[in-house]
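Participant: Sequence and predicted structure, then a few things I'm wondering about:
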Amino acid sequence: MLISNGSVFMPSVLTLIGIPGLESVQCWIGIPLCVMYLVAVIGNSLIIMIIKHKNSLCKPIYIPLAMLRATDIALSTCILPKMLGIFWLHLTENPFETCLRQMWLSHSFQGVESGVLLVMALDHYVAICNPLRHAPVFSGQILTHTGVGVTLSVALLVAPWLVLIKCHLKFYQITVISHSYCEHMVIMKLVTEVIWINKIHGLFFAFSILGFDIIFIILSFVQIFITVFQLPQKEARFKAFNTCLTHICVFLQFYILDVFSFFTHRFGSHIPPYIHILLSKLYLFVPPFLNPIFYGVKTKQICDHIVTIFVSSKHLDD
């Protein structure tokens, strides 16, 4: 995914060329990405406003949902504008510090989203398996502090990568990146020194953040399924499972796309570079695009408020 050039000492500018092999159609690829981004921003913002302003939704269980929606918006926003600048305006040059900042933000928001998904899984676990303890364990204050703690811990965990790249890794094989945004694994492939760090850092992030969250999310839902299938009434089993269905869909589409892209980068050296890049776009833009649709359709309170908004606006037009 790299274009050969001479070795450069601490480059001030990195050049991103977009998608190698698909340069002629990059402007068209940007159109569906822009549509997905607009749907993600509008849909997630609508859900956040509904949660904030409707008294019936001002409950602790909706705090992680609002955090997830805000994280989706932030994750897409830190990537797409510069990507469209490459695709549509040919603005390929990026200051090195800007590239590091984009890398830090994108990985931080991914980690935060993973942490919030873990909190939501634990919320469902306590609500179904130990409902009497749900109110004291998942109060609004505890969930707010948990959200702040997840955000700070992920940001501090990702920050050392930037310090290492900025202060320790001096010599770069090239300054031209065959990618459409600054991504950690791609940046590390530019470095001529300390090659083993390329693998260590990616694995460290994957297993210290995503791997930890995935393990506990799976354990939570395994216990939830065991509890649900032990319920005596069929209606109670169906209601409990239906409550978790939306969150299961969100968990699966986030982690499957993320893990698949990670292993494709690590072990798919024979796969064409444009496949790697397209996969990286899927796990950045598909979850923010689909999540408001999942929650808007499957969460009855949110769905009712959305319908009310559209019905009211239609009456005003009439």
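Facilitator: Sure, I can see it.
Participant: Point to the residue nearest the middle of this structure.
Facilitator: Taking CA atoms, centre = their mean, the centroid of the chain lies closest to residue 110, which sits 4.1 Å from it.
Participant: That one touches residue 259, doesn't it?
Facilitator: No. Taking CB atoms under 8 Å as the contact criterion, residue 110 and residue 259 are not neighbours in contact, 11.8 Å apart. (Glycine included, C-beta is placed from N, CA and C.)
Participant: Give the buried residues for the helix or strand hosting residue 288.
Facilitator: Assessed by DSSP states H and E, residue 288 sits inside helix 273-298. Using 16 or more other CB atoms under 10 Å as the test for burial, helix 273-298 gives 273-274, 276-277, 279-281, 283-285, 287-292, 294-296, 298.
Participant: Count the residues that sit near the closest residue to residue 34 other than its chain neighbours.
Facilitator: Of all residues beyond its chain neighbours, the one nearest residue 34 is residue 84 (6.4 Å), with distances taken as CB to CB, 6 or more residues apart in numbering. By the measure other CB atoms under 10 Å, the count of residues near residue 84 is 19.
Participant: thinking residue 84 is in contact with residue 32, fair?
Facilitator: No. Here residue 84 does not reach residue 32: they are 11.7 Å apart, not a contact under CB under 8 Å.
Participant: Count residues in the vicinity of residue 107, would you?
Facilitator: Summarising burial for residue 107: neighbours were counted as other CB under 10 Å, giving 22.
Participant: State the pLDDT value of it.
Facilitator: According to the prediction, residue 107 has pLDDT 82.
Participant: now residue 302
Facilitator: 68.
Participant: From residue 220, how far off is residue 131?
Facilitator: Taking CB to CB, to the nearest Å as the measure, residue 131 and residue 220 are separated by 15 Å.
Participant: Compare these two (neighbour count), which wins?
Facilitator: residue 220 (22 against 9).
Participant: tell me which strands and helices the helix or strand harbouring the residue nearest to residue 34 is in contact with?
Facilitator: Mapping residue 84 onto the secondary structure by DSSP H and E places it in helix 80-89. Contacts defined by 3 or more CB pairs under 8 Å, 6 or more residues apart in numbering; DSSP states H and E place helix 80-89 against helix 26-53.
Participant: Go again with 10 Å.
Facilitator: Secondary-structure packing of helix 80-89 (3 or more CB pairs under 10 Å, 6 or more residues apart in numbering; DSSP states H and E): strand 13-16, helix 26-53, strand 93-95, helix 96-129, helix 273-298.
Participant: quick one: which of the ones you listed is nearest residue 77?
Facilitator: Nearest of the helices and strands packed on helix 80-89 to residue 77, taken as CB to CB: helix 26-53 at 7.5 Å.
Participant: mind listing what's buried in that closest one?
Facilitator: Residues of helix 26-53 classed as buried under the neighbour-count rule (16+ other CB under 10 Å) are 26, 29-30, 33-34, 36-37, 39-41, 43-44, 46-48, 50-51.
Participant: Give me the below-cutoff pLDDT ranges for the stretch 1-150 of the chain.
Facilitator: When residues are selected by pLDDT under 70, those of the stretch 1-150 of the chain lie in 1-11, 54-60.
Participant: one more time with 50, if that's ok
Facilitator: Along the stretch 1-150 of the chain, the model assigns pLDDT under 50 to residues 1-5.
Participant: re the thing from before, for the residue nearest to residue 34, what are its contacts?
Facilitator: For residue 84, the contacting residues are 26, 27, 30, 31, 33, 34, 37, 91, 180, by CB atoms under 10 Å, 6 or more residues apart in numbering.
Participant: Redo these as a markdown table? Include distance to residue 242.
Facilitator: Output for those, formatted as a markdown table (distance: CB to CB, whole Å):
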| residue | distance to residue 242 |
| --- | --- |
| 26 | 42 |
| 27 | 43 |
| 30 | 38 |
| 31 | 36 |
| 33 | 33 |
| 34 | 34 |
| 37 | 30 |
| 91 | 47 |
| 180 | 39 |
